[in-house]
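Student: All I have is the shape, not the residue letters:
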Ligand code: ADP
């Protein structure tokens with residue numbers, strides 16, 4: 001999996017950047033002309049990748065749209081997506097004669113899900129990936145194949161998520177006669193009449209509750225990455241997880257709203273975690289890399305507890321099982337002398353010492369225990385099945401704290417092929433659609449990086465098309 005390296009500061013900076021020039025057009029001509037400014041064709045809840053895509057599609061189909069976003073800016077967690085979009089059989093693949101077929105893409109997605117994903121939904125996702133990619137080109141975005149993996153399509157330059165949100169936002173602005181974008185407006189509850197969702201209660205910045213009525217509602221509120229208590233409720237294994245690796249918006253509101261009206265939830269126990277260093281970065285590639293030349297991870301007993309070269313998601317789970325749900329990365333000067341080594345120490349307030357014992361003292365670990373752990377590792381005694389062993393021998397030595405953080409919510413509301421939300425009996429809840437990270441069923445126990453913005457686009461479009469009868 002490609003790493004996402006982004007600090008909270010960077011997230012905030014990007015949000016502010018995106019916010020610049022972004023105005024809430026609550027008094028668009030459409031609404032001024034409308035007797036009831038709170039009645040619309042399509043109400044979209046959440047202004048991340050899925051909500052923005054749905055808004056554009058519905059407006060292009062001639063529908064009047066109200067999009068409510070609870071934060072002062074659009075973008076959600078989509079804005080911090082760093083991998084790129086995963087798409088198969090695109091012109092880029094053909095031009096480069098590098099095959100990544102629809103079947104390759106489906107296989108990769110199913111295998112990563114540990115075969116728990118709904119293959120029917122995965123097929124829809126993947127078969128629409130080329131058209132999703134081509135749609136992004138129409139927004140003026142420019143891409144190339146990621147030289148590391150032909151599954152990933154990345155911007156020619158710049159940050160993937162920030163550019164994507166900017167382009168979607170610009171497109172929304174061109175449709176302002178149809179799209180009424182209301183920032184700082186939080187949906188709290190669906191309004192249901194005779195079993196059909198006909199709108200939602202929302203609260204604006206002034207704290208006043210209003211009801212927005214709509215022919216259809218599209219739920220696009222993202223995941224639970226910033227709701228640690230909810231994460232622990234769905235999977236106690238993740239109790240105490242950190243949330244540095246997320247934006248403020250995804251707090252599971254949509255899941256709660258859907259639960260209240262009897263929607264079916266799927267795969268809620270599965271989350272992707274990142275084993276991050278203190279400042280929200282993950283330095284795995286260099287410190288504990290796949291080739292094994294990096295350092296080791298130890299718990300507060302100064303003991304190793306896992307094969308450090310396992311997938312970063314699994315490693316994060318292993319760290320969360322340790323006391324205080326954290327660990328230290330221990331490495332030597334040879335690792336420090338790599339770009340990520342220096343960065344880890346500088347940015348994540350790592351410590352440095354001439355001996356392992358002194359390093360232990362600075363980290364509050366038992367010196368003899370850490371020395372014994374390092375000696376054992378250097379002697380290539382490994383109880384955890386690490387195939388490629390590095391070494392921790394060249395002084396000075398370094399230690400960096402890691403705190404796993406929630407990164408992606410795999411589960412969510414169950415949908416059918418039209419992105420209609422299903423109830424516990426598998427029946428359609430009339431009037432309600434869902435798209436993006438709030439949806440469950442696409443990823444089972446694991447997600448291929450880059451499939452997430454793909455699903456925002458594919459299911460955002462499908463939801464909007466069906467909601468507008470196209
Ligand atoms: P996705 O990739 O599925 O679009 P994101 O995390 O990018 O998910 O976007 C979800 C958006 O939904 C965020 O901007 C978040 O602030 C917004 N949101 C979450 N809950 C609510 C709510 N109750 N009302 C309005 N917006 C919400």
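Tutor: Structure's in. What do you need? Everything quoted here is computed from the prediction, not taken from an experiment.

Student: On the pLDDT front, check the residue of the stretch 201-350 of the chain found nearest the ligand for me.
Tutor: Nearest residue of the stretch 201-350 of the chain to the ligand (CB to the nearest ligand atom) works out as residue 249 at 2.2 Å. Bear in mind the C-beta positions are built from the backbone N, C-alpha and C, glycine included. Per-residue pLDDT puts residue 249 at 91.

Student: Quick one: classify it as helix, strand or coil.
Tutor: coil (DSSP: H, G, I helix; E, B strand; the rest coil).

Student: number of nearby residues for it?
Tutor: Burial of residue 249 is recorded as 25 neighbouring residues (other CB atoms under 10 Å).

Student: mind listing what it touches?
Tutor: Applying CB atoms under 8 Å, 6 or more residues apart in numbering, one finds that residue 249 lies in contact with 46, 48, 69-71, 76-77, 221-222, 226.

Student: My guess is residue 73 contacts residue 181. True?
Tutor: No: contact between residue 73 and residue 181 fails when scored by CB atoms under 8 Å: they sit 10.7 Å apart.

Student: between these two, who's got more neighbours?
Tutor: More crowded of residue 73 and residue 181, by other CB under 10 Å: residue 181, with 27 against 22.

Student: which SSE is that one in?
Tutor: strand 179-182 (DSSP states H and E).

Student: Over to residue 109?
Tutor: Assessed by DSSP H and E, residue 109 sits inside helix 102-112.

Student: cool, residue 199 as well?
Tutor: Per DSSP H and E: strand 196-203 holds residue 199.

Student: is it true that residue 266 touches residue 442?
Tutor: No: Residue 266 is not in contact with residue 442 according to CB under 8 Å; the separation is 9.1 Å.

Student: shared neighbours of these two, anything?
Tutor: Counting by CB under 8 Å, 6+ apart, the residues touching both residue 266 and residue 442 are residue 118.

Student: out of these two, which sits in the more crowded spot?
Tutor: More neighbours surround residue 442 than the other of residue 266 and residue 442, with 27 against 23 (other CB under 10 Å).

Student: For the closest residue in space to residue 406 that isn't next to it in sequence, give me its contacts.
Tutor: Among residues not flanking residue 406 along the chain, residue 225 sits closest, at 4.4 Å (CB to CB, 6 or more residues apart in numbering). By CB under 8 Å, 6+ apart, the contact set of residue 225 is 77, 231, 243, 245-246, 250, 271, 406-409.

Student: Repeat the analysis, applying 6 Å as the threshold.
Tutor: By CB atoms under 6 Å, 6 or more residues apart in numbering, the residues touching residue 225 are 246, 250, 406.

Student: Which helix or strand contains it?
Tutor: Taking DSSP H and E as the definition, one finds residue 225 inside no helix or strand.

Student: For residue 48, see how far away it is.
Tutor: 12 Å (CB to CB, to the nearest Å).

Student: List phi and psi for residue 193.
Tutor: When read as degrees, to the nearest 10, the backbone of residue 193 gives phi -130, psi 130.

Student: For it, grab the count of nearby residues.
Tutor: Neighbours of residue 193 under the rule other CB under 10 Å: 11.

Student: any idea whether the closest residue to residue 318 other than its chain neighbours is helix, strand or coil?
Tutor: Leaving aside its chain neighbours, residue 318 sits nearest to residue 306 (4.1 Å; criterion: CB to CB, 6+ apart). Under three-state DSSP, residue 306 falls in the coil class.

Student: so what strands line up beside the strand holding residue 199?
Tutor: Note on strand 196-203: by DSSP bridges, its sheet partners are strand 186-193 (antiparallel), strand 209-219 (antiparallel).

Student: what's it in contact with?
Tutor: Applying CB under 6 Å, 6+ apart, the contact partners of strand 196-203 are 68, 185-191, 209-214, 217, 430-432.

Student: For the stretch 1-150 of the chain, which segments count as helices?
Tutor: 8-19, 29-33, 49-60, 91-96, 102-112, 119-127, 129-138 (DSSP state H, counting those that start in this stretch).

Student: what's the most buried one of these?
Tutor: helix 49-60 (a mean of 30; mean count of other CB atoms under 10 Å).

Student: average pLDDT for that one?
Tutor: 98.

Student: if we can go back for a sec, show me how far the helix holding residue 109 is from its chain's centre.
Tutor: Distance, stretch centre to chain centre, for helix 102-112: 19 Å (CA atoms, centre = their mean, to the nearest Å).

Student: Stretch 337-347 too?
Tutor: Counting by CA atoms, centre = their mean, stretch 337-347 is centred 25 Å from the centre of its parent chain.

Student: quick revisit: how about the strands paired with strand 196-203 in JSON lines, adding distance to the ligand?
Tutor: Listed next are those as JSON lines, based on distance: least, CB to the nearest ligand atom, whole Å:
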{"stretch": "strand 186-193", "distance to the ligand": "4"}
{"stretch": "strand 209-219", "distance to the ligand": "9"}
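
Student: Find the residue ranges of the chain scoring beneath the pLDDT cut-off.
Tutor: Scanning the chain for pLDDT under 70 picks out the ranges 1-35, 277-281, 284-292.

Student: and it, which residues reach the ligand?
Tutor: Applying CB under 6 Å from any ligand atom, we find that the chain lies next to the ligand at 45-51, 68-71, 76-78, 186-187, 220-222, 249-250, 253-254, 436-438, 456.

Student: thinking again about what came up before, would JSON lines of the helices of the stretch 1-150 of the chain with distance to residue 315 be doable?
Tutor: Below are the helices of the stretch 1-150 of the chain laid out as JSON lines (distance: least, CB to CB, whole Å):
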{"stretch": "helix 8-19", "distance to residue 315": "21"}
{"stretch": "helix 29-33", "distance to residue 315": "50"}
{"stretch": "helix 49-60", "distance to residue 315": "27"}
{"stretch": "helix 91-96", "distance to residue 315": "31"}
{"stretch": "helix 102-112", "distance to residue 315": "16"}
{"stretch": "helix 119-127", "distance to residue 315": "26"}
{"stretch": "helix 129-138", "distance to residue 315": "29"}
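
Student: Mind checking those for the one nearest to residue 173?
Tutor: helix 49-60 (10.4 Å; CB to CB).

Student: Show me which helix runs longest in this protein.
Tutor: Selection of the longest helix in the chain by residue count, based on DSSP state H, yields helix 451-467.

Student: Just the buried residues of the contacts of strand 196-203.
Tutor: 68, 185-187, 189-191, 210, 212-214, 217, 431-432 (16 or more other CB atoms under 10 Å).

Student: Remind me what the strand holding residue 181 packs against, helices and strands.
Tutor: Helices and strands touching strand 179-182, as assessed by 3 or more CB pairs under 6 Å, 6 or more residues apart in numbering; DSSP states H and E, comprise strand 65-68.

Student: So what touches the strand it packs on?
Tutor: Strand 65-68 has contacts (CB under 6 Å, 6+ apart) with 40, 42-45, 47, 51, 55, 58-59, 178-182, 185, 187, 202, 212.

Student: show me what contacts the residue in the stretch 351-470 of the chain that the ligand sits nearest to?
Tutor: Across the stretch 351-470 of the chain, the shortest distance to the ligand (CB to the nearest ligand atom) belongs to residue 436, at 2.2 Å. Residue 436 is in contact with 50, 220, 456, counting by CB under 6 Å, 6+ apart.

Student: between these, which is closest to residue 358?
Tutor: Among these, residue 456 lies closest to residue 358 (CB to CB), at 48.9 Å.
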